[in-house]
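> mind looking at a prediction? Sequence and model below.
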Amino acid sequence: MAALDLESTRTRQARREFLALGPADQQAFISRIHVLDGSPRIDDVPKLVRSELHWALPRGHEDDYLAMVWRWWDEQALAMLQGGQRSVDVAAAHAAVAGIRDGFTRAMLPTSVELDDVDSHAVAEAYAGYPFVEQMHWIAYPPRNLRSAIVDYYRAHTQIVHWLDHAHLSRHELVRFQRELLDAWACEFEWMEQEIGPEADEATKQQAGAQLLRQLMGKPGAFLSRRYHDAYFGRGQHHILADEGRMGWHADFQEKYNQLLAQS
C-alpha cells in the first residue's frame, strides 16, 4: 500500500491522516479521486490560455487583454467558491472574452480600474491632504460625497496613467478633454460669482460653491473623444484639475489655493 511504503517527508502528514481513517472512509476518499494524466503544469497554463485565445488578442495590447481575461476568470472562480454560482457557461465565457476584446477597439478605451478594486477608506486616508480635498473642505462638502470624490480622483488618475503608459490614449486627446471641462466650468463659475455678488459672506460662498460642484458632478459632461463614457472619469478629471489649481468651487479658491501652496 503506497501510504505505508512511501517515505517522502512532503506527504508524511497527509499519509498519516489517510491511514487514521477507517476502511470505509478510505474507500470513499479514494473513490472521489480523479487522475487527469498528462495535464499541464500550473506554470504552463498562462501560455496555453494565450495560445487558445490567439484569435482574440488585440494587436499591441496582448498583455493588457489577457490580464483582463484572467481577472474575469478570477471573479467567476471566486463566485463558485463562495457558492454564488455553480459553473461557468460556455456561451457566457465566449461573450466575456469577446466583450473584453471589443474594449480594445479604437472606438473605445478599456477600463482597468473598477470601483470594486478600490479600498475607499485607504484611498481617502492617502489623499486627505491633497489640494483638491482642501478645495472641498472650503465649501463644507458632505463627508460621504467627499470620500466618493476622492475615489473618483484616484480611479481617473490611475486610469490616465495606465492609458498613457500603454499608448491607449494620446496626451493631445487628454488635453483637449480637459480644455472642454475647463470651458464648461468657467461659464458656471462666472454665473455663480454673478449670483452671489462681490459682498457675499463666507457662508454664502460655501453654499454656492457646494452647489456648483454638485451641479457639475451631476452633469453628463464631455466624453473623452467619444471613446469613454464612464461618469466617474469626468468627475475625477474635475478633481484632477482642481488639484492643480486650474478650477475650483469656492469664490475665493484661487487665493486660498495660492496660500495653501505657500504653506506647503
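Alright, I've got the coordinates.

> ok, residue 217 - contacts?
149, 235, 238 (C-beta atoms under 8 Å, 6 or more residues apart in numbering). Heads up, the C-betas are built off the backbone N, CA and C, glycines and all.

> let's see 6 Å
For residue 217, the contacting residues are residue 235, by C-beta atoms under 6 Å, 6 or more residues apart in numbering.

> tell me the domain ranges of the chain?
2-31, 42-102, 126-263 (automatic domain parsing).

> can you list those domains in CSV and add mean pLDDT?
What follows is these, written out as CSV (pLDDT from 0 to 100):
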stretch, mean pLDDT
domain 2-31, 75
domain 42-102, 81
domain 126-263, 91
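
> most tightly packed of those?
domain 126-263 (a mean of 17; mean count of other C-beta atoms under 10 Å).

> so which strand or helix has residue 124?
helix 120-126 (DSSP states H and E).

> also residue 207?
helix 202-218.

> quick one: name whatever helix or strand follows the helix holding residue 124.
Following helix 120-126 toward the C-terminus (DSSP H and E): helix 131-137.

> quick one: the helices in the chain, in order.
2-5, 12-19, 23-31, 45-52, 62-81, 90-102, 120-126, 131-137, 143-165, 171-196, 202-218, 231-243, 253-263 (DSSP state H).

> wait, which of those helices is closest to residue 112?
Residue 112 lies closest to helix 143-165 among the helices of the chain, at 5.0 Å (C-beta to C-beta).

> spatially central residue for this protein, please.
residue 113 (1.9 Å; C-alpha atoms, centre = their mean).

> how far away is residue 263 from residue 139?
19 Å (C-beta to C-beta, to the nearest Å).
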